[in-house]
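In: Model the structure of this input:
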Amino acid sequence: MFELSDDDIFSLDFNFHQVPSALAVNIPVEAAALMLNITAAQFTAYTDYAFAQNVAVGQSLLEHSGTVEAIRKLIAPRDGHPSTIMTVGDSITTYRYGYAEILRALIGLVEPQQAVHFYNHGRSGYTSTHGLEHTFTQYLAQKPDWVFLKYGANDTKRFNGAQGKLLVSIEEYTANFTAMVDAFLNVGARIVLITPSPVVESIVNNDPNMAAMSITWDNTDIQACAHALKNIARERNLPLVDLVSVFTTNPDPALYCPDGLHPGPAGHKIMIEHVLDSINTYT
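Out: Next up, the predicted model:
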């Protein structure tokens, strides 16, 4: 099937080859494989395997009340044009087993013949500041009908110890989201806000790779981001998926990848259930 190291799989799972996307350059399989130092056959075999796993999760979700209704609402043409759906965020959004890719799989399961434009604009390492720039330089031009917006895992990095500087201050985070939300609303998009997911502090803050870079996380910072998004959602009457409430500030490590930072497949299955519920709140 495929023979890949754990490092190769991690790079594939979080789409590291897509990070240099500021110019919106299409990255074909051959180029992606070359960047990751694997063959195109290995790349395709693994990505096909991962998508099959998402399809299996999607099939299990079809048994839940409201799933089919949410997907049909999501993909319904608007003004005679195919629906354009985008998920915007960081590595948690781009994750190959994540809520966004399960959503993609569900669309194919519910209405395989329906024309839909689906863009996963998750990029590993990105903050809401990157998101703000790309909203205006790329995403608005794609005229989205639906936008699922989630940043915070990188915004809330602290450098040089627990009292060190936040990469993106809560004031800037709030301003970035406010500008993105208003811009998408101005082009008629329906928006679902998703708060950052809490981290497993005891794991991520003791990870040797993070320690080497003197990066730490504190769920208090993540709660502050979630509070900011709650205010924006309330002011603009938007649905919000509050992952701080879903996972709590003392999350179960079994729902996360081994790094304690990224929710794993089990965590994302919970996330997609809440995302589907949020879609159904739109009338």
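In: Go ahead and confirm Ala105 touches Phe51.
Out: Yes - contact criterion CB atoms under 8 Å: Ala105 and Phe51 qualify, at 6.7 Å. All C-beta spots, glycine's among them, are computed from the backbone N, C-alpha and C.
In: ok, those two, which is more surrounded?
Out: Ranked by neighbour count (other CB atoms under 10 Å), Ala105 and Phe51 place Ala105 first, with 21 against 16.
In: what does the host helix or strand of that one contact?
Out: According to DSSP states H and E, Ala105 maps onto helix 99-110. With contact meaning CB atoms under 8 Å, 6 or more residues apart in numbering, helix 99-110 is reached by 50-51, 54-55, 57-59, 61-62, 67-68, 71-72, 74-75, 85, 87, 93-95, 114, 116, 118, 120, 122, 148, 268-269, 271-272, 275.
In: What is the distance between it and the centre of its chain?
Out: 13 Å (CA atoms, centre = their mean, to the nearest Å).
In: Repeat that for stretch 219-232.
Out: With CA atoms, centre = their mean, you get 17 Å for stretch 219-232.
In: Confidence-wise, which helix or strand of the chain is lowest on average?
Out: Least confident element among the helices and strands of the chain, by mean pLDDT, DSSP states H and E: helix 208-212 (a mean of 90).
In: Which positions in that one come out as buried?
Out: Of the residues in helix 208-212, Met210 count as buried by neighbour count, 16 or more other CB atoms under 10 Å.
In: now stretch 261-280
Out: 261-265, 267-279.
In: CA atoms of that stretch as PDB?
Out: The C-alpha atoms that make up stretch 261-280 are tabulated as PDB, following Å, rounded to 0.1, in the frame of the first residue of the first chain:
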ATOM      1  CA  LEU A 261      -2.100  20.200  20.400                       C
ATOM      2  CA  HIS A 262      -4.200  18.800  17.500                       C
ATOM      3  CA  PRO A 263      -7.500  17.000  18.000                       C
ATOM      4  CA  GLY A 264      -7.200  13.600  16.400                       C
ATOM      5  CA  PRO A 265      -9.700  11.600  14.400                       C
ATOM      6  CA  ALA A 266     -11.900  10.900  17.500                       C
ATOM      7  CA  GLY A 267     -11.900  14.600  18.400                       C
ATOM      8  CA  HIS A 268     -12.700  15.700  14.800                       C
ATOM      9  CA  LYS A 269     -15.700  13.300  14.700                       C
ATOM     10  CA  ILE A 270     -17.100  15.200  17.700                       C
ATOM     11  CA  MET A 271     -16.300  18.500  16.000                       C
ATOM     12  CA  ILE A 272     -18.100  17.600  12.800                       C
ATOM     13  CA  GLU A 273     -21.200  16.700  14.700                       C
ATOM     14  CA  HIS A 274     -21.300  20.200  16.200                       C
ATOM     15  CA  VAL A 275     -20.600  21.700  12.800                       C
ATOM     16  CA  LEU A 276     -23.500  19.900  11.200                       C
ATOM     17  CA  ASP A 277     -25.700  21.100  14.000                       C
ATOM     18  CA  SER A 278     -24.600  24.700  13.400                       C
ATOM     19  CA  ILE A 279     -25.500  24.400   9.700                       C
ATOM     20  CA  ASN A 280     -29.000  23.400  10.600                       C
END
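In: now that stretch: mean pLDDT?
Out: Computed over stretch 261-280, the mean pLDDT rounds to 98.
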